[in-house]
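Colleague: return a 3D structure for these sequence lines:
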Amino acid sequence: LLGREGGGDGPLLGGRDGGWAPQVSPPGERTAAGRPRVAVVGTGLAGLAAALELKRRGCSVVLLERSRLLGGKTTSFYVGDTEVDCGQHVILGCYTAFLDFAAELGMRGSLRLQPRFEAVVISATGKSRLRAMNLPAPLHLALPFLGFRALSLRGRMGVARALLSARLRRQPDREEAETFAAWLHRHKQGESALTGFWEPFIVPALNAPLDEASAAAGLFVVRTAFLGDRHAACIGYATVPLVRFAEAAALRCDEVRMRSAVTGLQIEGGRLRGVLVGAEEVEADGAVFAVPPERLRRLPGAEALGVAGLEGFRTQPIVDVHLWYDREVPGLDFAALPGSPVQWVFTRGPGYLCCSMSSAAEWVGTPEDTLVELADREIRARLTELAGAELRRGVVTRDPEATFVPTPGLHRPGSSTLVPNAAIAGAWTDTGWPATMEGAVLSGQAAARSVMDGMGTAGATADGVPGRPAVASHGAHSARPVGEAVLHG
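Modeller: The predicted structure is shown next:
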């Protein structure tokens, strides 16, 4: 939920042809004399962040995407005449790298971010609200939490004690070795605390069951969002389809090749000289592989990169149910539904609600009609405003391998590889973050820096001004304007 990113190949959706259709340059041609050419494999957030960082450092960038749609897990598709995201992605105020990424694209204004943290929780017994006060952290949430009626008084006191322990006691080795469920059990968290607080907030943040995720991963969310800066937990989301961000980033690149699955690496003398797309060699001075761990493991020639532990990654699915009613729900922006398989519901447009189901292994194989009926029933039971409303349409998107599970002891590799001018990127790499949009952006930037170091390039920009994006060539490598990213649900 919290801007989940990385782990699998993308949502399962049918579709019609469409999407990005750039010009393709002759193999081996360089965009600009003297500028290193870097291939970025994958156009999810990690790949796009790597591309922008490489452009800032003066490289010519060719994006290689195996599908017909930009954006990876942050793409969008059409249902009738409505363009919707493949899943509900949420950002937090602590996502500074992603917010800077959006600002660089000129799209910071397309993000809605709360000025102050506020969460509505609608349980079977009523509605509660947790709203931060204008006080320094952690007092900004500590005092409002005392009146948070989604939990019993005993549950509130128990959560407060656990949060205090998370703030004051850090045991890195033990936290890496045990599950978050075990940590919660040690801190005597009862059913009220689990159902009313930990499950609605931590399960979607990690997209993992509490008894599978490491305590370190769960406590990272707690310490960063709830115990960090008073703006860290502020919730936000894009007000335009997410694919607009991918399109804006791709337009900064020199060449974009869609439907171009990389089938191998060309390595000589311990250095990468290019990648194979079918029988064609795409020459490059360096490369960033921004793909999930299982796809990297299966890529012929990738063993030369020496990335260990790829087989140790497990994934969890995400299911989103998109519902259109004949009326709006007044005042509903988003809300948590504790105790329901629909953990969160978001208003995405007039009468359009997106129901998010994280860690959805139980539901990912369920028929669409059954999921639509389930989501409709669950939100009608909590939202009295929908009494008598007509459900006009329902569509399900599901990603069977949405994100990696941060299990205890999981080894997450860094961006560098045994091939100096090749790097890996993705929210699954060692960013310190769980699978989020923030982690994806950080991983792409780290991979770009690693490739620059491996190429032995100082990183001057095309016009010689450090930090200024290089000007894209408008020759044969330039991309033409973006068309619609079309995908039928």
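Colleague: average pLDDT for the lengthiest strand in the chain, rounded please.
Modeller: Counting residues, the longest strand in the chain under DSSP state E turns out to be strand 391-404. Per-residue pLDDT over strand 391-404 has a mean of 94.
Colleague: buried stuff in stretch 381-399?
Modeller: Buried residues in stretch 381-399, counting neighbours by 16 or more other C-beta atoms under 10 Å, are found at Arg382, Leu383, Leu386, Ala389, Leu391, Gly394, Val395, Val396, Thr397, Arg398, Asp399. In short, each C-beta sits where N, CA and C put it, glycine included.
Colleague: so Ala248, which of the three states?
Modeller: helix (DSSP: H, G, I helix; E, B strand; the rest coil).
Colleague: and it, what does it touch?
Modeller: Neighbouring residues of Ala248 by C-beta atoms under 8 Å, 6 or more residues apart in numbering: Leu105, Gly106, Met107.
Colleague: how many residues are close by the closest residue to Leu141 other than its chain neighbours?
Modeller: Of all residues not flanking Leu141 in the chain, Ala132 sits nearest, at 5.5 Å (C-beta to C-beta, 6 or more residues apart in numbering). When counting by other C-beta atoms under 10 Å, one arrives at 24 neighbours for Ala132.
Colleague: with only the CA atoms kept, save the longest helix along the chain in CSV.
Modeller: As assigned by DSSP state H, the longest helix anywhere in the chain is helix 437-455. Output in CSV follows, covering the C-alpha atoms of helix 437-455 (Å, rounded to 0.1, in the frame of the first residue of the first chain):
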residue,chain,number,x,y,z
MET,A,437,8.5,3.9,-4.2
GLU,A,438,11.0,5.6,-2.0
GLY,A,439,13.2,2.4,-1.9
ALA,A,440,12.9,2.1,-5.7
VAL,A,441,14.0,5.6,-6.4
LEU,A,442,17.0,5.3,-3.9
SER,A,443,18.0,2.0,-5.5
GLY,A,444,18.0,3.5,-9.0
GLN,A,445,20.1,6.5,-7.9
ALA,A,446,22.6,4.2,-6.2
ALA,A,447,22.9,2.0,-9.3
ALA,A,448,23.6,5.0,-11.5
ARG,A,449,26.4,6.2,-9.2
SER,A,450,27.8,2.6,-9.2
VAL,A,451,27.8,2.5,-13.0
MET,A,452,29.4,5.9,-13.2
ASP,A,453,32.2,4.8,-10.8
GLY,A,454,32.6,1.6,-12.8
MET,A,455,33.0,3.4,-16.1
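Colleague: run the chain-centre distance for that helix.
Modeller: 16 Å (C-alpha atoms, centre = their mean, to the nearest Å).
Colleague: please apply the same query to stretch 98-118.
Modeller: 15 Å.
Colleague: may I have whichever strand or helix holds Ala46 exported as CSV, CA atoms only?
Modeller: Assigned by DSSP states H and E, Ala46 belongs to helix 45-56. Provided in CSV are the C-alpha atoms of helix 45-56 (Å, rounded to 0.1, in the frame of the first residue of the first chain):
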residue,chain,number,x,y,z
LEU,A,45,10.6,3.6,-10.8
ALA,A,46,14.0,2.2,-10.1
GLY,A,47,15.0,2.2,-13.8
LEU,A,48,13.6,5.7,-14.4
ALA,A,49,15.4,7.1,-11.3
ALA,A,50,18.6,5.5,-12.5
ALA,A,51,18.0,7.1,-16.0
LEU,A,52,17.5,10.6,-14.5
GLU,A,53,20.6,10.3,-12.3
LEU,A,54,22.7,9.2,-15.3
LYS,A,55,21.3,12.1,-17.4
ARG,A,56,22.3,14.5,-14.7
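Colleague: now do it: distance to the chain's middle.
Modeller: That offset, for helix 45-56, works out to 15 Å (C-alpha atoms, centre = their mean).
Colleague: next SSE after that helix?
Modeller: By DSSP H and E, the next helix or strand past helix 45-56 is strand 60-64.
Colleague: paired strands for that following strand, with orientation please.
Modeller: strand 37-41 (parallel), strand 255-257 (parallel) (DSSP bridges).
Colleague: which residues does Phe313 contact?
Modeller: Gly7, Pro293, Glu294, Phe404, Val405, Leu410, Trp428.
Colleague: and it, what pLDDT?
Modeller: 97.
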